[in-house]
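Asks: I would like the atomic coordinates for the input below:
(2 chains)
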There are 2 protein chains.
Amino acid sequence: MNGTGIKKHPDSMVWGKKDLSARAKCFDMTSGRKIVVLNEEEAIENDIYPSYRVMVENAGKQTVAIANLSRDLVKRGEIGIYVEVSEELSLHDGTMVRLRQMDRPSAIEFIKKKLDGKEIGENEMKIIIADLMDNRLSEAELSAFITAMYIRGTTDNEVVYLSDAIVESGDVLDIQRHPIVDKHCIGGIAGNRTTMLVVPICAAAGLFMPKTSSRSITSAAGTADTMEVLAPVDLEIEEVKEVVLKSHGCIVWGGGMNLASADDRLIRIRHPLSLDPKGVMLASILAKKKSVCAEYVVIDIPVGRGAKISDPKEANSLANDFISIGKRLGMKIEVLITDGSDPIGCGVGPALECRDVFDVLEGKGPSDLRDKSCQMAGVLMELCKKVEKGKGYAVANEIISSRKALSKFREIIELQGGNGKVKRDEIEVGKYAHEVLAHATGRISHVDNRMISKIARAAGAPADKGAGLYMNFEQGDRVKKGEVLFKIYAQSEAKLDFAIKTLESWEAFELQKVILNTVE
Amino acid sequence: MNGTGIKKHPDSMVWGKKDLSARAKCFDMTSGRKIVVLNEEEAIENDIYPSYRVMVENAGKQTVAIANLSRDLVKRGEIGIYVEVSEELSLHDGTMVRLRQMDRPSAIEFIKKKLDGKEIGENEMKIIIADLMDNRLSEAELSAFITAMYIRGTTDNEVVYLSDAIVESGDVLDIQRHPIVDKHCIGGIAGNRTTMLVVPICAAAGLFMPKTSSRSITSAAGTADTMEVLAPVDLEIEEVKEVVLKSHGCIVWGGGMNLASADDRLIRIRHPLSLDPKGVMLASILAKKKSVCAEYVVIDIPVGRGAKISDPKEANSLANDFISIGKRLGMKIEVLITDGSDPIGCGVGPALECRDVFDVLEGKGPSDLRDKSCQMAGVLMELCKKVEKGKGYAVANEIISSRKALSKFREIIELQGGNGKVKRDEIEVGKYAHEVLAHATGRISHVDNRMISKIARAAGAPADKGAGLYMNFEQGDRVKKGEVLFKIYAQSEAKLDFAIKTLESWEAFELQKVILNTVE
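Replies: Alright, predicted model coming up:
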C-alpha cells in the first residue's frame, strides 16, 4: 500500500510533478503553437525548462502548452499567456490558472512501435489521434510518426483505423437522407473548379451533396476561396444541414466546421517536410468523406507533367487503394485518372474562376472544365444507380444545357446567404491589368501549373478576390507573335507590378521553356 | 537574360522574398528556440506566418529565427527579439536589423534521400550538419532525419561522414603530444565515476588524457558535475591545453568548449523521442574522441538488467562497430563489456561520488569502482604499447597502491583551479540525512539504477552538490532486518522530505521487488 498519502492519478504518476497555480497575464502574441511564459526562477525550481510542455487548466478546460521562460516580463506567481491559449481556455488578465509539468503521452509508445516496423492497433491509433488533438505531442514526435508512416508504409488496417480515428476526432454531418455523394480531387491543377459544377449538377439530379472544401495553402485559390466570392462559406454545421436539406447541395468551407479535425493538424505536420505518406493521405481524404456520411464518392487523380502524380502506374495503384479502403469504410468509390498536365479552365484566382463557372453553367465557357465536371457528376449518378451505367455523362451534360444546374447553383448561393441573382459580369475582377504577349509564333507545348499559381498569388490571390489571371490559350493551341497569351489582374498597382516582376524574373530561364515552347 | 534588374543571389531565388528592416525591441524571454516577434499585419503582408523561419541579420552576423506574430506588442517597423537571438546577434533596443523569409534549406533534400533509403554522401552530410548548426532546420525536419536514421539504419560510410562533419562543426583540441588516450562509457549506471580514476592513472603512467565529460541530463550526476565539487570544469580550450601539457590529464566539461558542437544539438533532438539510432550514437561518441585527437580509446559497454543495453549480443555487435569505424577514423579502439546490472561504487550524487574516488585513490573504497577503473586504464596502457599485453591491469593497480594516482589527481585538481590538498572528509555532504532500513532479512537480488538516480535527484542532485545517497550494500550481499541499506543526504529539509516521499511512493509496488528482494 501507499503509505505516504501521495494522491495518484494518471497524470501525476511521474516523480517531480506537482500542481502550481498562477495569475494569467495575457499577451497579444500568436506563434502558431500554444505557448505560456513562466517566471524563469520559479519554473526551474519546479523542474520546468524552456520547451517543456505543461498542462494548463482553467475552469474545467485544459490544454497542453509549451513553456517559455522570462526573468522580468513575468513575475513569480504569474503566467504569460499567448493568444492561442487564452482563446482556448477563455483566460483574461488576472484569471487564476493551474499548471503542471506534463507526463510522457502514451501515444509515444505506439509511435515507437511503428518506427520499429510493427502494426498500430485500432485502439492505439485512437490514442495517437487523441493525444494529437489534445496537443500533447511535440512537433518532433509528430514528425517521427509521419516519417515512420512514410518509410514503413501503412497496412490497410492502419489506414482504416486512422480514418476512423480522424472521423471520431470531430463532429459528423449527418443529414439522414440518401444517397449522399461526394467528390475529391488530388490537388495541384490551377483553375480546377469542378466542385462548383458537380455540386449543382448532382443536386439538380436529386442526389445529396453536402460538399466541404478547403481554402488555398499554396495555390491561387481553394474552392472555398472561390465560392466565397458569391456567398458566405463559413457556416455552422446546423446551417449547412438546412441548406443541403432544402437544395440537396452546398459548397462550404470544411475548416469552419469541426469535421475530421485531426486532419488539419496532420496536414500542418506534413506540409513543412513535403512528406505525404500514402496511408495518411488516403485516411485524410476518406475521413473527410466519411464525416459527411458520404456513400458514393468519385475521386479525380490528375496525372502528368506538373501534377502531383506524374506516373500513371502510381495513379493506378492509388486508385485501387482508394476503392478497397473505401469499401472497408462503407463507401463505394470510383476513381477517374485524368490529364493533369495543364490548367483546367481559363481563369485562375477566385473571381476569375467564378466567371468560368458561370460561363459553363450558361452553356458557354471552357470546354475542359465542363467536360471534366460532367464526367465526375456522371460517375456519381451511375454509382448510386440514379442513371444507367454509361449514361451519366450525357445526363450531366443535359442538366447543364437545360440550365437546371444554373438555377440550382443560384439556389445554393442564395441559401448560403449570397446573392443568387448575380450576373457573370458583375463579378468584380482586379482594376489593374497587364497583358502578356506571345514573343514568337508557335504552338504551346506546355502550360505550367505551378508558374501560373505563382503569378496569380503574386498578383494578390487568393486574399484579393479579384486578383489572378485569365488565359486565352491552352496546351496544343497555335499562337501568333504579339497575341495576348494571358492577362494578369490585380487590385493594386503595386501587386500588379509584383506579379509582372515575378513573371519577368523567371522569363530568362523559365518562361520560354515552361510557359511557351516554340516548336516550329 | 534577366531584364528586370532583380538581383539574384542564392538566398533570394524564391518568389516573394524581399529584405525588410526593423527596429529591435528586446524581450527578456527565453524559449529554448530562437524566436523573433513580428507585427502581425506587416508580417502577413510579407507572406510571413506564425512559425515561419526568417533570417535575421545585424552587422554581418546572421541567424535563423522562428517568427511569432503580435498585433500590439510589436508595432510596424519593429521586431521583438528573444534572449537567444539578442545574445547571438548582440542586439539592443533600437538596433536596426534586416530580416528576410527563409528558403528551404538544402539539407532537406538530403534528409529526404535518407527517408527514401538512399545513402547520404560525404558532402551532403556536411551540408546537413551545417544547416543544423545554422539553425536552419526545424524540430520536425531534424526529427525526420533522426527517425530515418533509426528506421533505415546507417552505413559505415554514413557514420564516418557524420563523425567527420560533427568534428568539423566545432573546434579541435590538439595538444600535439603522443600517445593521446580517451575513454567512454555508455551511460545508465549510477555512481560510475571511473573517469576520475582512469585519468590520473593514465596521466601518472605518462599517457596524455585530455578528458572532456558531460553534465547530467537525467542521472544524479555527470562526471563534470562531480569533478566540479573539487575544481572548476568550465575551462577555455587554451587553459585545458595548458593543464594537459603540464599534468598529462584533465577532467573538464566538454560543453564549455566548442568541441564537436553539432553533437549537443543532435542529442537534444534524440532526447524527447528517446530515439538513439546506433549510427548517430556511434558518430556522436567517436566525434568527441576525434575532436581531442585521441589515438587510443577504451569503450565500456555495461550490459544487464537496468543498463542501457541488456542483450549481450547487441553489445557485441556494437563493440565491433566501434572498432571498425574507429579504425576508419584513425583511432585504435578496444571495448570492455561489463556487468551493468547494479550501481558501481557506494556514493551517488556529486560530493558522495567524490568521496568514493578519494577512497579508492587512498587504497580503500569500493572495490568494484577500483577494479573497473584499473581494467580500463590497463587496456589503454596496453593499446598504446606502454605496457605489455596482459599486464595493464596490474600496472594500473600498482599506480593506485603506490599513491601515484592520488598525487596526480591532486595535481590535476590544483591545475584546474581547485584545492589540490582537499581531504576526503572535507568534501561536504548534505546536512539533512535519512537512513533507509532493511524491512526484512535476506539477500539483495537487485539494486535498480534508475530508482537510485531518482531518489538522488529528488534529494537535489546534481544541482545541490552535497545531495544524493550512500549505499552500504550491493547486489548479492546479505542484510539483516533493521540494518541501514542506504542513507539519503540533502541540503534542505524540504528536499530530504521530497526524496523520502519519492522513495515511499514507490515502496508499495516497487521497493520490495526492485531495491530489495528477499530470497530466504
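Asks: Going by C-alpha atoms from here, please, whenever you check contacts or count neighbours.
Replies: Will do.
Asks: Going by neighbour count, which residues in stretch A:92-104 are buried?
Replies: Neighbour counts over stretch A:92-104 (16 or more other CA atoms under 10 Å in any protein chain shown) mark A:95-103 as buried.
Asks: Tell me which of those residues has the lowest pLDDT.
Replies: Sorting the buried residues of stretch A:92-104 by pLDDT puts residue A:103 at the bottom of the list (71).
Asks: Any figure for the gap between that one and chain B?
Replies: From residue A:103 over to chain B the distance is 12 Å, taken as CA to the nearest CA, to the nearest Å.
Asks: for that residue, helix, strand, or coil?
Replies: Look at residue A:103: counting by DSSP: H, G, I helix; E, B strand; the rest coil, its state is coil.
Asks: again with residue A:210
Replies: Classified using three-state DSSP, residue A:210 is strand.
Asks: Now for it: which residues touch it?
Replies: Residue A:210 is in contact with A:180-182, A:240-241, A:244, A:248-251, A:292, counting by CA atoms under 8 Å, 6 or more residues apart in numbering or on different chains.
Asks: could the buried residues of stretch A:92-104 be laid out in CSV, adding distance to residue A:109?
Replies: Formatted as CSV, these follow (distance: CA to CA, whole Å):
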residue, distance to residue A:109
A:95, 35
A:96, 34
A:97, 30
A:98, 27
A:99, 24
A:100, 22
A:101, 19
A:102, 16
A:103, 13
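Asks: which one of the contacts of residue A:210 is nearest chain B?
Replies: residue A:251 (27.1 Å; CA to the nearest CA).
Asks: can you confirm that closest one is in a strand?
Replies: Yes. Assessed with three-state DSSP, residue A:251 lies in a strand.
Asks: Just the pLDDT at it, thanks.
Replies: 97.
Asks: Also the one 3 residues further on?
Replies: Per-residue confidence at residue A:254 stands at 89 (pLDDT).
Asks: same deal with residue A:488?
Replies: The per-residue pLDDT of residue A:488 was computed as 95.
Asks: Report the contact partners of it.
Replies: Contacts of residue A:488 (CA under 8 Å, 6+ apart): A:433-436, A:456, A:459, A:467-470, A:496, A:499.
Asks: follow-up on the earlier one: contacts with chain B among the contacts of residue A:210, please.
Replies: Among the contacts of residue A:210, not one lies near chain B by CA under 8 Å from any CA of the partner chain.
Asks: So which of those sit within strands?
Replies: A:181-182, A:249-251 (DSSP state E).
Asks: Columns neighbour count and distance to residue A:231 on top of those residues, output as TSV?
Replies: Shown next, in TSV, are these (neighbours: other CA atoms under 10 Å in any protein chain shown; distance: CA to CA, whole Å):
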residue	neighbour count	distance to residue A:231
A:181	30	22
A:182	28	20
A:249	32	14
A:250	30	11
A:251	30	9
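Asks: OK, contacts around the closest residue to residue A:292 other than its chain neighbours?
Replies: Among residues not flanking residue A:292 along the chain, residue A:173 sits closest, at 4.7 Å (CA to CA, 6 or more residues apart in numbering or on different chains). Residues near residue A:173 by CA under 8 Å, 6+ apart: A:237, A:241, A:259, A:291-293.
Asks: swap the cut-off to 10 Å and go again
Replies: A:210, A:237-238, A:240-241, A:257-259, A:290-294 (CA atoms under 10 Å, 6 or more residues apart in numbering or on different chains).
Asks: Make a ChimeraX selection of the buried ones in those.
Replies: Buried members of the contacts of residue A:173, defined by 16+ other CA under 10 Å, are picked up in ChimeraX with:
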select /A:210,237,240,241,257,258,259,290,291,292,293,294
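Asks: Where helices are concerned, which of the contacts of residue A:173 count?
Replies: A:237-238, A:240-241, A:290 (DSSP state H).
Asks: what's the spacing between residue A:301 and residue B:103?
Replies: Residue A:301 sits 30 Å away from residue B:103, going by CA to CA, to the nearest Å.
Asks: Ok, residue A:250 next?
Replies: For residue A:250, the distance to residue B:103 - CA to CA - is 39 Å.
Asks: try residue A:254
Replies: From residue A:254 to residue B:103 the distance is 30 Å (CA to CA).
Asks: Then residue A:481?
Replies: From residue A:481 to residue B:103 the distance is 36 Å (CA to CA).
Asks: got it, and residue A:326?
Replies: 38 Å.
Asks: In this structure residue A:341 contacts residue A:307, no?
Replies: Yes. With contact defined as CA atoms under 10 Å, residue A:341 counts as touching residue A:307 (6.1 Å).
Asks: low pLDDT regions in chain A?
Replies: A:1-18, A:188, A:268-273, A:505-520 (pLDDT under 70).
Asks: Quick check: longest strand in it by residues?
Replies: Max-length strand for chain A by DSSP E is strand A:61-70.
Asks: Specify the next element, helix or strand, located C-terminal of it.
Replies: strand A:78-81 (DSSP states H and E).
Asks: Now the element after that following strand, going C-ward?
Replies: Next along the chain from strand A:78-81, counting by DSSP H and E, comes helix A:83-89.
Asks: now check that following helix, is it near chain B?
Replies: Yes. Using CA under 10 Å from any CA of the partner chain, helix A:83-89 reaches chain B at residue A:83.
Asks: Now do that helix: which elements does it pack against?
Replies: With contacts taken as 3 or more CA pairs under 10 Å, 6 or more residues apart in numbering or on different chains; DSSP states H and E, helix A:83-89 sits against strand A:20-26, strand A:29-30, strand A:35-39, strand A:53-58, strand A:61-70.
Asks: can I get these in CSV with mean neighbour count and distance to residue B:114?
Replies: Putting the helices and strands packed on helix A:83-89 into CSV (neighbours: other CA atoms under 10 Å in any protein chain shown; distance: least, CA to CA, whole Å) gives the following:
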stretch, mean neighbour count, distance to residue B:114
strand A:20-26, 19, 43
strand A:29-30, 24, 34
strand A:35-39, 27, 32
strand A:53-58, 21, 30
strand A:61-70, 22, 30
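Asks: Indicate which one of those is closest to residue B:333.
Replies: Closest to residue B:333 of these, according to CA to CA: strand A:53-58, at 40.6 Å.
Asks: does the closest one come close to chain B?
Replies: No. With CA under 10 Å from any CA as the criterion, chain B is not reached by strand A:53-58; the gap is at least 11.0 Å.
Asks: try stretch A:274-291
Replies: Yes. Counting by CA under 10 Å from any CA, chain B has neighbours in stretch A:274-291: A:274-275.
Asks: Using PDB, write out the CA atom coordinates for that stretch.
Replies: This file holds the C-alpha atoms of stretch A:274-291, laid out as PDB (Å, rounded to 0.1, in the frame of the first residue of the first chain):
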ATOM      1  CA  SER A 274       6.600  17.900 -48.000                       C
ATOM      2  CA  LEU A 275       6.100  14.400 -46.700                       C
ATOM      3  CA  ASP A 276       2.800  12.800 -47.800                       C
ATOM      4  CA  PRO A 277       2.800   9.200 -46.800                       C
ATOM      5  CA  LYS A 278       0.200   7.400 -49.000                       C
ATOM      6  CA  GLY A 279      -1.600   5.900 -46.000                       C
ATOM      7  CA  VAL A 280      -2.000   9.300 -44.300                       C
ATOM      8  CA  MET A 281      -3.200  10.900 -47.500                       C
ATOM      9  CA  LEU A 282      -5.800   8.100 -48.000                       C
ATOM     10  CA  ALA A 283      -7.000   8.400 -44.500                       C
ATOM     11  CA  SER A 284      -7.200  12.100 -44.600                       C
ATOM     12  CA  ILE A 285      -9.300  12.200 -47.700                       C
ATOM     13  CA  LEU A 286     -11.500   9.300 -46.800                       C
ATOM     14  CA  ALA A 287     -12.100  10.600 -43.300                       C
ATOM     15  CA  LYS A 288     -13.400  13.800 -44.700                       C
ATOM     16  CA  LYS A 289     -15.900  11.900 -46.900                       C
ATOM     17  CA  LYS A 290     -17.000   9.700 -44.100                       C
ATOM     18  CA  SER A 291     -17.500  12.700 -41.800                       C
END
